[in-house]
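[1] here is the input, now give the coordinates:
(one chain, ligands or ions: 1)
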Amino acid sequence: MARLFPALTEADLERRLLRKGVDARAGGADQCSDCGRTPLIGEHVHRVGEAEVCELCRARRGVTPAASRLVHHVEHGVSVRMLPRAA
Ligand SMILES: [Zn+2]
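    From the prediction side, this is the model:
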C-alpha cells in the first residue's frame, strides 16, 4: 500500500496527535490572569476586579477578593454517581 504522506512517520503522527490532545485539553482549562498557571483541582481561585487569579497571585496582590470558587475536576457535574436507595 502506497503511503499518502511519505515524509510523515509514525513518530510524527504520534507527536501531532499528542500535541492536538494537549492543546484541546488546555483550551478549556482555567488559567490565572497573572501568572498563566492552570490551577490545580481542589485549589481556590479568586475574582479580583475583572481578573481571576490563583491562590499564589492573590497572596502576592494582597487584596481581598470579591469572590472565590473551588476548582473542580473536569468530570464534576457530568459524571454518574450512585445515590442512596430510597427506603
Ligand atoms: Zn497565578
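
[2] next one: stretch 65-84 to chain centre, how far?
    13 Å (C-alpha atoms, centre = their mean, to the nearest Å).

[3] and stretch 48-55, by the same measure?
    16 Å.

[4] for stretch 75-87, same thing?
    Its chain's C-alpha centre and that of stretch 75-87 lie 23 Å apart, by C-alpha atoms, centre = their mean.

[5] which residues are in contact with that stretch?
    Defining contact as C-beta atoms under 8 Å, 6 or more residues apart in numbering, one finds that nothing outside stretch 75-87 touches it. For the C-beta atoms, the positions are set from N, CA and C on the backbone; glycine is no exception.

[6] for that stretch, the averaged confidence score.
    The pLDDT scores in stretch 75-87 average 79.

[7] just stretch 55-69 next, same as before
    Over the span of stretch 55-69, the pLDDT mean works out to 92.
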